[in-house]
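**Student:** sequence and predicted structure, then a few things I'm wondering about:
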Amino acid sequence: MKALADADIYVLTDLSGPISTVMNWEAPSWNTALYDYWTATIDYKANYTNTLGFFVGTEVATDKNTTDAVWRSPKPLLET
(Lines give C-alpha, C1' and ligand atoms only; values in the text may rest on other atoms or scores of the structure.)
Protein backbone atom coordinates (compact mmCIF):
# COMPACT_ATOMS: atom_id res chain seq x y z
CA MET A 1 0.00 0.00 0.00
CA LYS A 2 2.82 2.42 0.78
CA ALA A 3 4.40 1.89 -2.64
CA LEU A 4 1.04 2.61 -4.24
CA ALA A 5 0.57 5.71 -2.07
CA ASP A 6 4.06 6.93 -3.00
CA ALA A 7 3.00 6.66 -6.66
CA ASP A 8 -0.28 8.54 -5.95
CA ILE A 9 -2.35 5.44 -6.69
CA TYR A 10 -5.61 5.02 -4.79
CA VAL A 11 -7.01 1.60 -3.93
CA LEU A 12 -10.52 0.15 -4.00
CA THR A 13 -10.65 -2.97 -1.87
CA ASP A 14 -12.94 -5.93 -2.49
CA LEU A 15 -14.14 -7.19 0.89
CA SER A 16 -14.61 -10.66 -0.51
CA GLY A 17 -11.85 -12.82 0.77
CA PRO A 18 -10.66 -16.37 0.88
CA ILE A 19 -13.18 -19.10 0.16
CA SER A 20 -13.83 -19.55 3.88
CA THR A 21 -15.25 -16.02 4.11
CA VAL A 22 -17.34 -16.03 0.94
CA MET A 23 -21.06 -16.58 1.28
CA ASN A 24 -22.44 -19.96 0.28
CA TRP A 25 -24.28 -19.55 -3.05
CA GLU A 26 -26.81 -22.24 -2.18
CA ALA A 27 -27.66 -20.98 1.30
CA PRO A 28 -26.39 -17.42 1.78
CA SER A 29 -26.11 -16.15 5.32
CA TRP A 30 -24.39 -13.36 7.18
CA ASN A 31 -22.15 -14.74 9.91
CA THR A 32 -19.55 -13.56 12.38
CA ALA A 33 -16.62 -15.03 10.41
CA LEU A 34 -17.53 -12.90 7.41
CA TYR A 35 -18.17 -9.83 9.60
CA ASP A 36 -14.83 -10.30 11.40
CA TYR A 37 -12.96 -10.63 8.10
CA TRP A 38 -14.58 -7.51 6.66
CA THR A 39 -14.05 -5.36 9.74
CA ALA A 40 -10.40 -6.46 10.01
CA THR A 41 -9.86 -5.55 6.35
CA ILE A 42 -11.54 -2.16 6.79
CA ASP A 43 -9.54 -1.44 9.97
CA TYR A 44 -6.27 -2.38 8.26
CA LYS A 45 -6.88 -0.29 5.14
CA ALA A 46 -8.06 2.70 7.21
CA ASN A 47 -4.43 3.30 8.18
CA TYR A 48 -3.56 4.28 4.61
CA THR A 49 -4.31 7.66 3.05
CA ASN A 50 -4.71 6.14 -0.40
CA THR A 51 -7.71 3.96 0.47
CA LEU A 52 -10.42 5.11 -1.92
CA GLY A 53 -13.15 2.75 -0.78
CA PHE A 54 -14.53 -0.75 -0.48
CA PHE A 55 -16.93 -2.87 -2.48
CA VAL A 56 -18.89 -6.03 -1.78
CA GLY A 57 -20.46 -6.60 -5.17
CA THR A 58 -19.28 -10.16 -5.55
CA GLU A 59 -21.10 -11.41 -2.48
CA VAL A 60 -24.39 -13.26 -2.70
CA ALA A 61 -27.36 -11.08 -1.87
CA THR A 62 -30.48 -13.06 -2.70
CA ASP A 63 -32.89 -11.62 -0.18
CA LYS A 64 -33.55 -8.31 1.56
CA ASN A 65 -32.40 -9.46 5.02
CA THR A 66 -29.00 -10.65 3.80
CA THR A 67 -28.54 -7.58 1.61
CA ASP A 68 -29.39 -5.22 4.48
CA ALA A 69 -26.99 -7.02 6.85
CA VAL A 70 -24.16 -6.97 4.33
CA TRP A 71 -24.38 -3.19 3.89
CA ARG A 72 -25.43 -2.19 7.40
CA SER A 73 -22.77 -4.03 9.45
CA PRO A 74 -19.59 -2.36 8.15
CA LYS A 75 -21.21 1.06 7.68
CA PRO A 76 -20.30 2.46 11.15
CA LEU A 77 -16.64 1.62 10.52
CA LEU A 78 -16.68 3.53 7.26
CA GLU A 79 -18.26 6.62 8.83
CA THR A 80 -15.47 7.13 11.38
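**Tutor:** Happy to help now that I have it. Numbers count the residues shown, from 1 in each chain.
**Student:** please name the strands paired to the helix or strand hosting Phe54 in the sheet, noting orientation.
**Tutor:** Element membership for Phe54, per DSSP states H and E: strand 51-55. Strand 51-55 sits in its sheet next to strand 11-14 (parallel), going by DSSP bridges.
**Student:** in this structure, which helix is the longest?
**Tutor:** helix 32-45 (DSSP state H).
**Student:** for it, buried residues please.
**Tutor:** Going by neighbour count (16 or more other C-beta atoms under 10 Å), the buried part of helix 32-45 is Leu34, Tyr37, Trp38, Thr41, Ile42, Lys45. Heads up, the C-betas are built off the backbone N, CA and C, glycines and all.
**Student:** low-confidence ranges, the chain, go.
**Tutor:** 17-30, 57-80 (pLDDT under 70).
**Student:** redo that, cut-off 90
**Tutor:** Scanning the chain with the threshold set as pLDDT under 90 gives 1, 13-42, 46-47, 53-80.
**Student:** not counting sequence-adjacent ones, nearest residue to Leu52?
**Tutor:** Distances taken as C-beta to C-beta, 6 or more residues apart in numbering put Tyr10 closest to Leu52, at 4.0 Å, once the chain neighbours are dropped.
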